[in-house]
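> test case, fold it:
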Amino acid sequence: MLSAKVKFKFILVSVVVLFSSCSEDNSSLTDEEKVLILLNKTWVPGNIQLDGVDITDFGYQNLELRFERNNTWTALNGGDLFGPNGTWQFTNETFTEIQFSGINMQLKLNPQGLTLELVFEKSNDTPIQGRNKSISGNYRIFLLPKYPYD
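Numbers count the residues shown, from 1 in each chain. Model prediction:
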């Protein structure tokens, strides 16, 4: 008969093996694929600034911005800043800049995918996807995942 110590060690090793085999292997993913996995979720505002002034409470509190892996995006409650949908693509090899429906943006995504910052300049002649009017200026949009462990 096996001793209690041996049984415990066997169970412990089995649990470790089980959990390590269930983890996602990211070692074979490209840098772009890793960024896409982190970016592909619904984001909500932490803070939206226009020329350094917090404008989150001016119609953006309920904003939901979703990036898809197929280089499309959708927005709910985008106010005068975002239309309902559009396209985006990376514009550099470090995946820190995107073109977002014709607007060049700097993208800052933390390595765990728990914060996203979009920085861009917008003029009245460059509305984002379907908006006729918008406020020009320098935008800094701090976003948080709606579902952090999505």
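> skipping adjacent residues, who's closest to residue 77 in space?
Nearest residue to residue 77 in three dimensions, chain neighbours excluded: residue 62, at 4.1 Å (CB to CB, 6 or more residues apart in numbering). For glycine as for every other residue, the C-beta is placed from the backbone atoms N, C-alpha and C.
> just residue 58 next, same as before
Distances taken as CB to CB, 6+ apart put residue 79 closest to residue 58, at 7.6 Å, once the chain neighbours are dropped.
> now the strands: where do they sit in the protein?
Counting by DSSP state E, the chain forms strands over residues 42-50, 53-54, 64-67, 72-76, 85-90, 97-100, 103-109, 116-122, 137-145, given from the N-terminal end onward.
> including mean pLDDT, could these go into TSV?
Formatted as TSV, these follow (pLDDT from 0 to 100):
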stretch	mean pLDDT
strand 42-50	96
strand 53-54	96
strand 64-67	96
strand 72-76	96
strand 85-90	96
strand 97-100	96
strand 103-109	95
strand 116-122	95
strand 137-145	96
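> dump those to CSV, plus mean neighbour count.
CSV is the format used below for those (neighbours: other CB atoms under 10 Å):
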stretch, mean neighbour count
strand 42-50, 17
strand 53-54, 11
strand 64-67, 20
strand 72-76, 17
strand 85-90, 15
strand 97-100, 18
strand 103-109, 17
strand 116-122, 18
strand 137-145, 18
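> out of the ones you listed, which comes closest to residue 32?
Judged by CB to CB, the one of the strands of the chain that comes nearest to residue 32 is strand 85-90, at 6.9 Å.
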